[in-house]
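Engineer: could you work out the structure for the sequence below:
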Amino acid sequence: MGKWKLIGATTVLVVVTATVALAALPPGGTFTDDNGHTFEGAIEAIAAEGITRGCNPPANTRFCPEDHVTRGQMAIFIVRAYNLSAAASDFFTDDTGKVYEDAANRLAQAGLTHGCGPGIYCGDDTITRGEMAAFLSRAENLPGSTTDHFVDDNTSIFELAIDRLGTAGITQGCNPPFNDRFCPEDNVTRGQMAAFLMRALGLTPINPPPPAATLLPIGVSWNPIIAAESAGTTFVVESGVHYGQTANLKHGDALVGQPGAVMDGRNVTDWAVQPNRANNVTVKGLEIRNYSPDDQYAPITARTYGGAAAGIGWTVENCDLHHNSYSGLALSEGSIARNNRIHDNGVIGIEVSWVRSSGALVEGNEIYRNNTTGAYEYYEAGGSKFGDTENLIVRGNFVHDNNGPGLWTDTDNVNTLYENNVVEGNSGAGIFHEISYSATIRNNQVRGNGFRSRGWLWEGGIMIAGSQNVEISGNVVQDNYNGITLIQQDRGSGALGPYLLRNVSVHDNTVIRSGRTGAAQDVGEHSIFTTRNITFQNNDYENVAGFSWADRWLAWSQWRGYGMDLTGSIK
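Structural biologist: This next block holds a predicted model:
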């Protein structure tokens, strides 16, 4: 059974019947790193069609669902999905010898791409959700739509394609359960790509049998049981309270709690999960409390400890992590913290830090009342601390009532994304990006933060210190000690050069009852404001104390005299 698609000038029969029966799938499915993932059914569906083979050849035991899709990978996905014919021409000059060269040429011959410039394809660049909508709209030859499905794509060149996908049921949006936003500028993840293709091709999700499971009962030592099993085993923690246990997990293992399963360290046990070299570990559905790891560590620490390599690709979700002596959770490379409650820990809620960490995702967590010890807040305390990360995504979290900053990136963070978070009632800054590099801070609700007050322009609802290439847009900043504040000090240099306040764009935000907004610097740094492309435009203000520029307190007319917010408003 199949359906005909018009691809460019070619009509292609797309087969949509599964080629791998559900019964043939091993426990846990084709890949080890997507068990329980939102898109696991879609990933298995496209794997059954041969559209994907995995992300770690030649073994291909992993799918990497949170990795961003490149244009080259996208070409391969679509060529396999639509069985595009071999190309008679070489369309691009920048893909010679690349694994995606043949796929890019097939895509061009079918009229689905013109590349990214004259004669080039840019196959190693990531692809956005808007660009993906355009590709799929062309591949599916979708009719026009009269419905505007999403509120955040009105200025996108891909709006028509996005609405076509929405009408066809190929996309549901990016902010469930409301799904009134599409996030067209976000990079597409491999998991999202699987879902797009599954819906476009009319495939049915395939949910594999659960991974093989071994029970960890109350009253016995766990580690002999864990050691006796091979890597990739799921260990089910029996309901009830388990005292003083430390699980020494192996590659691909999962530790999953039955309802009511509790790990209690009795304030003497260091680790709930032993830090080790294991990758792709999952911890799910556990209450973990009263552990006493060393300073700057957590009962679950997937990063360097005592010289050991950091664990890669850990997932911690649906856990309740509280009343631990220092941190609730510490993650690194490719790790995911999703839908956890992280609260009442001694110094800090969650950390992603200490080793170069790429691609971590912190999503849908409630992070609150951390730093119960009242530790030195300016060093490391409060809701979170992220250091030395690349491509960190912090999305859709509720971060409130922490003693210190709410969300805090400090030192050499590159390509950070903060979006759709609610950050309120923290004693320090709400969102604080410090001595780091490129960041996007958008569509957050930031309320009632910063009232420990250090004066000057400190404790902004959103605060940037010594960082460059930052965009702040679409946020509501309300009832904070200060509004949106930028600070330059002599902080030296880091991984990508000097820590400079440079190339910062603050636009289309709403600031209400939040002290002062603007930029300030230490003595001797005055020249930065005429040479470093710092702009505030189209922001709306209500009942604010005023503005700051080059260490001057300004009224609205003076602020606009510096060229700021010429299209903004105040009341």
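
Engineer: and the residue lying closest to Phe39 once chain neighbours are set aside, which of the three is it?
Structural biologist: Using Cβ to Cβ, 6 or more residues apart in numbering and skipping residues adjacent in sequence, the residue nearest Phe39 is Gly191, 3.7 Å away. C-betas here are computed from N, CA, C, even on glycine. Following DSSP: H, G, I helix; E, B strand; the rest coil, we place Gly191 in the helix state.

Engineer: surely Gly191 touches Glu44?
Structural biologist: No: between Gly191 and Glu44 there is no contact under Cβ atoms under 8 Å: 11.6 Å.

Engineer: spatially, what comes nearest to Pro208 if we skip its sequence neighbours?
Structural biologist: The nearest residue in space to Pro208 (Cβ to Cβ, 6+ apart) is Gly29, at 3.2 Å.

Engineer: just checking, the one you found touches Pro210?
Structural biologist: No: with contact defined as Cβ under 8 Å, Gly29 does not reach Pro210; the gap is 9.3 Å.

Engineer: I would like the residues contacting stretch 431-438, please.
Structural biologist: Residues from elsewhere that reach stretch 431-438, judged by Cβ atoms under 8 Å, 6 or more residues apart in numbering: 405-416, 418, 421, 423, 439, 441, 444, 446, 461-470, 491, 494-496, 499.

Engineer: and that stretch, end to end?
Structural biologist: 15 Å (Cα to Cα, to the nearest Å).

Engineer: what about Thr510, how many residues nearby?
Structural biologist: Applying other Cβ atoms under 10 Å, we find 16 residues neighbouring Thr510.

Engineer: check the one 3 residues further on too.
Structural biologist: The number of residues packed near Arg513 is 16, by other Cβ under 10 Å.

Engineer: quick one: it and Asp479 touch, right?
Structural biologist: Yes: judged on Cβ under 8 Å, Arg513 makes contact with Asp479 at a distance of 5.0 Å.

Engineer: now the strands for the stretch 1-150 of the chain?
Structural biologist: Here the stretch 1-150 of the chain has its strands, by DSSP state E, counting those that start in this stretch, at 2-7, 10-15.

Engineer: out of the contacts of stretch 431-438, which are buried?
Structural biologist: Among those, those buried by neighbour count (16 or more other Cβ atoms under 10 Å) are 405-416, 418, 421, 423, 439, 441, 444, 446, 461-470, 491, 494, 499.

Engineer: which of these fall in strands?
Structural biologist: Counting by DSSP state E, these place 407-410, 416, 418, 423, 439, 441, 446, 461-465, 468-470, 494 in strands.

Engineer: between Gly191 and Glu44, which one's more packed in?
Structural biologist: Shown here are Gly191 and Glu44; by other Cβ under 10 Å, Glu44 has more neighbours (26 against 21).

Engineer: residue contacts, the more buried one?
Structural biologist: With Cβ under 8 Å, 6+ apart, Glu44 has these contacts: 25, 29-30, 205-208.

Engineer: ok, His400 to Leu321 distance?
Structural biologist: For His400, the distance to Leu321 (Cβ to Cβ, to the nearest Å) stands at 16 Å.

Engineer: just want to know which of the two has more residues nearby.
Structural biologist: Leu321 (32 against 21).

Engineer: read off the pLDDT value for the residue positioned nearest the centre of the chain.
Structural biologist: For the chain, Ile393 is the residue whose C-alpha lies nearest the centre (Cα atoms, centre = their mean; 2.4 Å). We note a pLDDT of 93 for Ile393 in this prediction.

Engineer: that one and Val352 touch, don't they?
Structural biologist: No: between Ile393 and Val352 there is no contact under Cβ under 8 Å: 10.5 Å.

Engineer: list residues touching both of the two?
Structural biologist: With Cβ under 8 Å, 6+ apart as the test, Ile393 and Val352 both reach 360, 362.

Engineer: residues contacting Val256?
Structural biologist: Counted by Cβ under 8 Å, 6+ apart, Val256 has contacts 213, 234-237, 282-286.

Engineer: just give me the least confident of the residues you listed.
Structural biologist: Ala213 (88).

Engineer: count the neighbours of that residue for me.
Structural biologist: Ala213: 13 neighbours (other Cβ under 10 Å).

Engineer: likewise for Asp90?
Structural biologist: 14.

Engineer: give me every residue that touches the residue nearest to it when sequence neighbours are not counted.
Structural biologist: Nearest non-adjacent residue to Asp90, counting by Cβ to Cβ, 6+ apart: Asn105, 6.2 Å away. Contact analysis of Asn105 by Cβ under 8 Å, 6+ apart lists 87, 89-92.

Engineer: which of those residues are buried? Put it as a ChimeraX command.
Structural biologist: Entered in ChimeraX, the line below selects the buried ones among those, by 16+ other Cβ under 10 Å:
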select :87,91,92
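
Engineer: closest one of the contacts of Asn105 to Ala381?
Structural biologist: Phe92 (51.0 Å; Cβ to Cβ).

Engineer: any idea how far Arg266 lies from Arg289?
Structural biologist: Taken as Cβ to Cβ, the span from Arg266 to Arg289 is 10 Å.

Engineer: more neighbours, those two?
Structural biologist: Higher neighbour count among Arg266 and Arg289: Arg289, with 22 against 11, using other Cβ under 10 Å.
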